Every structure is written in structure tokens, then in C-alpha cells.
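K.L.:
Sequence first, predicted coordinates after that:
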Amino acid sequence: MLKEANVQPMLPVKDLGAAERFYEQTLALKKVGGMAGAAAVYESGGGRLCVYRSAFAGTNKGTAALWEVQNVEATAKELKARGVTFEHYDMPGLTRTGDIYRGDRMAVAWFKDPDGNILSIQSQT
């Protein structure tokens with residue numbers, strides 16, 4: 001049933017305008033839909049991401065969305081140049097160099113959107 005369906009991450013935000021600026025300008029995603037004043041839908045690769053107004057924005061303490069990229073270092077450098085600040089966590093089993101964590105043939109870096117949703121970029125090494 002669901003194994004053939006596309007899945008779309010839904011991220012709650014308090015300030016939709018700030019979220020739209022972040023996802024469109026900072027992350028350079030293309031807005032492809034939504035509901036004025038309530039939600040915005042972005043295209044990313046072959047999938048979509050929706051941000052929507054909610055009083056529960058930023059309450060999730062885990063990663064809400066992950067982008068699988070070709071090169072974490074290059075992507076992190078580009079995002080940093082656009083003003084993204086990366087998060088540093090105590091991650092047993094991973095080794096951190098700068099903003100990039102490595103472990104078992106993968107590299108990952110975490111950052112937050114303006115509402116505190118935890119986002120990440122990851123690649124296989």
C-alpha cells in the first residue's frame with residue numbers, strides 16, 4: 001500500500017514568512033505550492049517538503065528532514081556561505097571534524113531552520 005507512495009516531510013513553523021525566506025533564499029528550494037498564510041510546499045530533488053504554521057514549531061528534538069547529497073563538505077561550505085550555522089552534538093560512534101561528523105562510510109552535518117527544526121545533510125563516503 002504505502003511502499004509505492006511518495007512521502008512528504010511536514011515541518012511546523014511559527015513564522016511562515018521567515019520560513020519561506022529561509023527555504024527559498026538560504027536553501028535555494030523552489031516553491032511549488034501551498035496555501036497563502038498557512039503553508040508552503042517546496043520541490044527538492046524528486047520529492048517535496050511542506051512547511052506549515054503551527055504552535056508546535058521547533059518542539060521536535062530529533063532530525064525532521066535529511067537531504068542525501070553527493071558531497072557533505074561542499075554542501076556545508078555552500079550553506080555556511082549563505083548564513084547557515086551548523087549544530088554540534090555529542091554523537092557516540094561518530095567523529096567530528098569542523099561541522100562534519102563521520103562514521104561507518106557516511107558523513108553528516110546538522111543545522112536548524114528559523115523555528116528550530118533540526119535538518120541535516122548526509123552522504124555516503
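P.N.:
Noted; the coordinates are in hand. As the structure is a prediction and not an experimental result, all values here were calculated from the model. Numbering: from 1, shown residues only.
K.L.:
continuing past the biggest helix by length in the chain, what's the next helix or strand?
P.N.:
Ranked by number of residues, the top helix in the chain under DSSP state H is helix 72-81. Downstream of helix 72-81, the next assigned helix or strand under DSSP states H and E is strand 86-87.
K.L.:
circling back: contacting residues around the longest helix of the chain?
P.N.:
26-27, 67, 69, 86, 99-100, 107-109, 111, 121-123 (CB atoms under 8 Å, 6 or more residues apart in numbering). In short, each C-beta sits where N, CA and C put it, glycine included.
K.L.:
For residue 49, grab the count of nearby residues.
P.N.:
Neighbours of residue 49 under the rule other CB atoms under 10 Å: 22.
K.L.:
sec struct for it, please.
P.N.:
Here residue 49 is recorded as strand under DSSP: H, G, I helix; E, B strand; the rest coil.
K.L.:
Please state the offset of the longest helix of the chain from the chain centre?
P.N.:
Relative to the mean C-alpha coordinate of its chain, helix 72-81 is positioned 13 Å out (CA atoms, centre = their mean, to the nearest Å).
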